[in-house]
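# Provided below for reference: sequence and predicted model.
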Amino acid sequence: MDWMQVVFKSLGAVAMLFLITRILGKKQISQLTFFEYITGITLGEVAGFISTDMEAHYINGVAALIVWFLVPYSLELLTLKSKRLREWFEGKGTVMIKEGKVLEDNLKKERYTADELLEQLRTKSVFNVADVEFAILEASGELNVLLKKDNQPLTAKHLGIQVAPERESQAVIIDGNLMDEPLATAGLSREWLFTELEKIGVTLENVFIGQVDSYGQLYIDVYNDMLQLPQPSVKQLLMATLKKCEADLALFGLSTKNEDAKRMYEGCAEQMGRVVETMTPILKR
């Protein structure tokens with residue numbers, strides 16, 4: 001029956017397209033270059049053709065798919081080693097704005113209008129061309145923008161503030177199920193997790209998503225959105241404890257009459273003060 005042939009051919013085409021896409025890599029589903037765009041369209045056309053054309057030989061369509069797979073795959077291997085070939089097949093970026101000045105010749109070269117350029121700038125939250133230090137149109141068609149120094153947002157580095165490095169949060173609970181691998185990656189155990197859930201007052205089955213951040217704090221989202229949960233306070237408690245230690249050491253130094261003990265307590269209080277200063281950017285995040 002014809003419909004059964006279409007089903008089997010379609011299933012075969014889907015399987016081959018999936019395998020080809022997996023081998024060609026993630027570039028085929030990201031921002032495409034000209035050649036990748038042509039390859040993707042043609043592979044789809046060929047797959048549709050061999051799925052529905054009852055008169056053509058199925059093996060001919062398979063051969064066409066293999067050719068359209070081998071050509072871009074071979075070119076990818078070659079372009080990895082040759083910058084000239086990369087520029088030829090993938091293109092290269094074009095500078096559209098430099099030092100707040102629009103380069104009209106480059107706009108004409110890329111067949112870009114002023115309206116299209118302004119629209120692309122607005123997608124980057126830039127509404128004034130004069131604020132732009134540098135803007136380049138990438139080979140993928142995306143416009144990347146660098147603002148002038150005085151228009152860039154302030155960062156902790158600009159303010160001279162020390163911040164701690166951030167690590168990936170681990171999802172230790174998903175749909176009420178405990179995830180052992182992320183839990184082990186965070187260096188934590190099941191016993192720790194159950195203890196934290198008990199502190200909050202929820203059971204594992206009621207948790208939709210549970211994440212542990214780089215500081216070992218557990219954040220959870222439960223199925224019942226109306227339920228109010230206590231916020232994590234590990235960092236606040238640690239900061240309060242460190243400050244109390246500093247205050248206690250200073251108090252001991254003031255209350256003792258022994259000069260040696262006084263100097264020891266004062267020195268320890270100064271050291272604890274430096275510890276508090278170092279940990280403040282981490283514990284107040």
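On my side now, so go ahead.
# residues in contact with Asn206?
By C-beta atoms under 8 Å, 6 or more residues apart in numbering, the residues touching Asn206 are Gly176, Val222, Tyr223, Asn224. C-betas here are computed from N, CA, C, even on glycine.
# secondary structure class for Arg167?
Three-state call for Arg167 (DSSP: H, G, I helix; E, B strand; the rest coil): coil.
# that one is in contact with Tyr215, isn't it?
No: proximity of Arg167 to Tyr215 does not meet the contact threshold set by C-beta atoms under 8 Å, at 9.1 Å.
# which one of those two has more residues nearby?
More neighbours surround Tyr215 than the other of Arg167 and Tyr215, with 16 against 11 (other C-beta atoms under 10 Å).
# report the separation between that one and Glu191.
Distance of Tyr215 to Glu191, computed by C-beta to C-beta, to the nearest Å: 19 Å.
# likewise for Ser140?
Here the criterion is C-beta to C-beta. By it, Ser140 lies 48 Å from Glu191.
# the two: which has the busier surroundings?
Between Ser140 and Glu191, counted using other C-beta under 10 Å, Ser140 has the larger neighbour count: 17 against 8.
# isn't there a strand covering that one?
No: secondary structure of Ser140 (three-state DSSP): coil, not part of a strand.
# on that earlier part again, which of the contacts of Asn206 sits closest to Cys245?
Val222 (35.7 Å; C-beta to C-beta).
# quickly list the domain ranges of the chain.
Domain assignment for the chain, taken from automatic domain parsing, gives 2-88, 94-151, 170-232, 235-283.
# closest one to Lys157 among these?
Proximity to Lys157, assessed across the domains of the chain by C-beta to C-beta, is greatest for domain 235-283 (12.0 Å).
# so for the closest one, what's the average pLDDT?
In this model, domain 235-283 has a mean pLDDT of 81.
# can you give me the strands in this structure?
94-98, 101-102, 132-137, 143-147, 170-174, 177-178, 207-212, 218-222 (DSSP state E).
# could you dump these to CSV with distance to Leu238?
Output for the strands of the chain, formatted as CSV (distance: least, C-beta to C-beta, whole Å):
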stretch, distance to Leu238
strand 94-98, 48
strand 101-102, 52
strand 132-137, 42
strand 143-147, 38
strand 170-174, 20
strand 177-178, 26
strand 207-212, 16
strand 218-222, 15
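# poorly predicted segments of the stretch 1-150 of the chain, please.
Within the stretch 1-150 of the chain, the stretches with pLDDT under 70 are 1-3, 5-10, 13, 17, 20-37, 51-56, 58, 87, 89-90.
# what about 50?
Residues of the stretch 1-150 of the chain meeting the criterion pLDDT under 50: none.
# remind me, longest helix of this structure?
Longest helix in the chain by number of residues (criterion: DSSP state H): helix 259-283.
# so what secondary structure elements neighbour that one?
helix 234-255 (3 or more C-beta pairs under 8 Å, 6 or more residues apart in numbering; DSSP states H and E).
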